[in-house]
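Visitor: Can you look at this prediction? I've put the sequence above it.
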Amino acid sequence: MYSATTQSINVTVKPIYLDEQSSPTDGHYVWAYQVTIENAGFETVQLLNRHWRITDSMGRMQEVRGAGVVGEQPTLEPGESFEYTSGTPLTTPSGIMVGSYEMESADGRRFDVEIPAFSLDSPHQPVQLN
């Protein structure tokens, strides 16, 4: 699992390779990622927008921006958390994702929360030690 904390907002991500949805012979690899966003602070916040940078093993990057996550813009009271699962396909057997959430506090202050960089690894990628 991968974790990052920004202004008392904890984001944890667990990537999962989906063998049953992937087709390596066709250059199609699919991952799910489970995200937990926890408000460890003292003020209520709402997730407004997301921004992802997805890079495959050939260095090709795709950016994804949009409102909320999985069709929601959750509001988190102090001590609350929100969990969701989403996914991404790649044409290579590995890659990396990183991003941020735009949050808004109850008083209207907006700030970005880091989504930790996480590795997308499949069993079809040769292991390379550096």
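Guide: Now that the structure is in, tell me what you want to look at.
Visitor: can you count the residues close to the nearest residue to residue 107 once chain neighbours are set aside?
Guide: What sits nearest to residue 107 in space, not counting adjacent residues and going by C-beta to C-beta, 6 or more residues apart in numbering, is residue 43, at 7.7 Å. Just so you know, the C-beta spots here come from the backbone N, C-alpha and C atoms, and that holds for glycine as well. Applying other C-beta atoms under 10 Å, we find 14 residues neighbouring residue 43.
Visitor: Kindly report the same for residue 54.
Guide: Neighbour tally, residue 54, other C-beta under 10 Å: 19.
Visitor: residues contacting it?
Guide: Contacts here follow C-beta atoms under 8 Å, 6 or more residues apart in numbering; on that basis residue 54 touches 61-64, 88, 90, 95-97.
Visitor: now residue 113, which residues is it bridged with?
Guide: residue 101 (DSSP bridges).
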